[in-house]
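Asker: no sequence on this one, just coordinates:
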């Protein structure tokens, strides 16, 4: 029994130790991008913004459709005293004690081309006196047609039909761009981790080389082949290599944590980034890229929406200078003490009202509002022109940088190979005493810089590529639009 207990405890200890250890997980750039687009906080924010825009657009579309409404008061009881004017002109108080109930059903439709509202309605009201003769009364409106129409005012529905579709297109394009921006952030974190891994590998190799060279230098010093100054310099190199390794270890942990957090992965996963060996080799034409950006990017829809909103503000200010409204109601009504009789012997029920409100003297207040709206529109138009120029200029620079980046990457790759060979040669040459420690240190620094530059140039190539994708919403590798099933995305 004692032996079994010991074995059990040892087994639990082994299991606990295994579960606590980090799990190495190779991860490619494509895999990191796929995870980020689903699990990252930035992707969730972009999705929620899309959902908000989607339901706002659905609400706008619903405003254009007929709406059915039911209203009811069941019941309303009143026992109070109210003033009452008698035949001789004097006032007295009379007591009211009644029970009232009523309900109505209406179908309302906004008229987008006029800005009015038309309603088809039916209603029934009940009134019972609880004192005096205690009679009951029913009043019915079997059918009625009501029109509310502003005249000369701004047609809000018509303007919304112009603005809201553009706003929704802008939101959809913004979502796609945000998805590509999530990719750009992933690339940034991914290559930061790649660079940290490379720096760690280089630092370990440099430490091993520094330790080896220091041991060789001490042996040569005992034989009198090198000076004390060279030995001290190599000892200093060894200390610097240890310090650099410690610094790079901390940086590696930091970059690992950032990428894991962004991808929402477990803290016990030790990520091993796999540097992409292939990349899309394309040469872009600025005019073609600009056309795609102006067709697809949310910026183009944003420009159009802001221009429409500025025009709408001017139209609204002009419409508020005078207010004329039409109210018309036609239908039938019936009244009786019996419910069934209230729907017989119906009578016409017609109401027509035209309301007018025209300012005679407002000290130029409404005219001033029109001028303010027109000035704001001019300011908006100036800003839009400047923003368009900046957008085109930045896109041109980005296309040039991307087209040049392939050459920069090839140069960095060749420089990395040459620097590695130079350092290896200098180490061997130093062993036989042909070069000084200064030359050796210089070759090591050049080697490290060349490796870092190679990783950096590879990062910039991928970053520029996805930045262009986010601006144009175009897949240059497959030569197709970047699109999505928004209905499925919103409702998932």
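Answerer: Noted; the coordinates are in hand. Just so we're clear, the structure is a prediction, and the values are computed from it rather than from any experiment.

Asker: from memory residue 153 sits against residue 116, does it?
Answerer: No: counting by CB atoms under 8 Å, residue 153 sits too far from residue 116 to count as a contact (10.2 Å). Bear in mind the C-beta positions are built from the backbone N, C-alpha and C, glycine included.

Asker: Low-confidence stretches in this structure?
Answerer: Where the chain drops to pLDDT under 70, the residues are 1-22, 351, 433.

Asker: Domain boundaries for it, per the record?
Answerer: In the assignment given by automatic domain parsing, the structural domains of the chain cover 23-60+159-303+380-491, 69-111+114-153+324-358.

Asker: Serialize the ones you listed to TSV and add fields for distance to residue 309 and mean neighbour count.
Answerer: Output for these, formatted as TSV (distance: least, CB to CB, whole Å; neighbours: other CB atoms under 10 Å):
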stretch	distance to residue 309	mean neighbour count
domain 23-60+159-303+380-491	6	16
domain 69-111+114-153+324-358	18	13
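
Asker: And residue 25, how far from residue 188?
Answerer: According to CB to CB, to the nearest Å, residue 25 stands 20 Å off from residue 188.

Asker: quick one: the strands in the chain?
Answerer: Along the chain, counting by DSSP state E, strands occupy 23-28, 67-85, 91-111, 116-129, 136-151, 269-274, 323-336, 347-357, 474-475, 480-481.

Asker: got TSV for those, with distance to residue 205 too?
Answerer: Shown next, in TSV, are these (distance: least, CB to CB, whole Å):
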stretch	distance to residue 205
strand 23-28	21
strand 67-85	74
strand 91-111	74
strand 116-129	79
strand 136-151	80
strand 269-274	18
strand 323-336	82
strand 347-357	85
strand 474-475	40
strand 480-481	44
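
Asker: Which among those is found nearest to residue 245?
Answerer: Ranking those by proximity to residue 245 (CB to CB) places strand 269-274 first, at 18.2 Å.

Asker: for the stretch 301-450 of the chain, what spans make up the helices?
Answerer: Taking DSSP state H, counting those that start in this stretch as the test, the helices found in the stretch 301-450 of the chain are 365-431, 437-472.

Asker: and the last one with helix 365-431, angle?
Answerer: Relative orientation of helix 437-472 and helix 365-431, computed by axes from the mean of the first three to the mean of the last three CA atoms, to 10 degrees: 150 degrees.

Asker: Helix 437-472 - contacts with which helices or strands?
Answerer: Counting contacts by 3 or more CB pairs under 8 Å, 6 or more residues apart in numbering; DSSP states H and E, helix 437-472 is packed against helix 156-223, helix 228-263, helix 286-296, helix 365-431.

Asker: Now distance to residue 480 too, for those helices, in CSV please.
Answerer: Formatted as CSV, the helices and strands packed on helix 437-472 follow (distance: least, CB to CB, whole Å):
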stretch, distance to residue 480
helix 156-223, 13
helix 228-263, 27
helix 286-296, 11
helix 365-431, 19
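
Asker: Looking at those, which is nearest to residue 35?
Answerer: With respect to residue 35, and counting by CB to CB, the nearest of the helices and strands packed on helix 437-472 is helix 228-263 at 4.8 Å.

Asker: Quick one: distance of the closest one to the chain centre.
Answerer: Centroid separation between helix 228-263 and its chain, computed with CA atoms, centre = their mean, to the nearest Å, is 38 Å.

Asker: Grab the nearest non-local neighbour of residue 102.
Answerer: Closest residue in space to residue 102, ignoring its immediate chain neighbours: residue 125 at 3.9 Å, by CB to CB, 6 or more residues apart in numbering.

Asker: do you know how far residue 269 is from residue 190?
Answerer: According to CB to CB, residue 269 and residue 190 sit 14 Å apart.

Asker: Check residue 115 too.
Answerer: With CB to CB as the criterion, residue 115 and residue 190 are 54 Å apart.

Asker: Distance to residue 177 added to the helices of the stretch 301-450 of the chain, as a markdown table?
Answerer: Listed next are the helices of the stretch 301-450 of the chain as a markdown table, based on distance: least, CB to CB, whole Å:
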| stretch | distance to residue 177 |
| --- | --- |
| helix 365-431 | 13 |
| helix 437-472 | 5 |
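
Asker: out of these, which comes closest to residue 479?
Answerer: Closest to residue 479 of those is helix 437-472 (CB to CB; 11.7 Å).

Asker: and the residue lying closest to residue 173 once chain neighbours are set aside, how far is that from residue 154?
Answerer: Spatial nearest neighbour of residue 173, chain neighbours left out: residue 298 (3.7 Å); criterion: CB to CB, 6+ apart. Distance, residue 298 to residue 154, by CB to CB: 27 Å.

Asker: Ok, residue 220 next?
Answerer: Distance, residue 220 to residue 154, by CB to CB: 92 Å.
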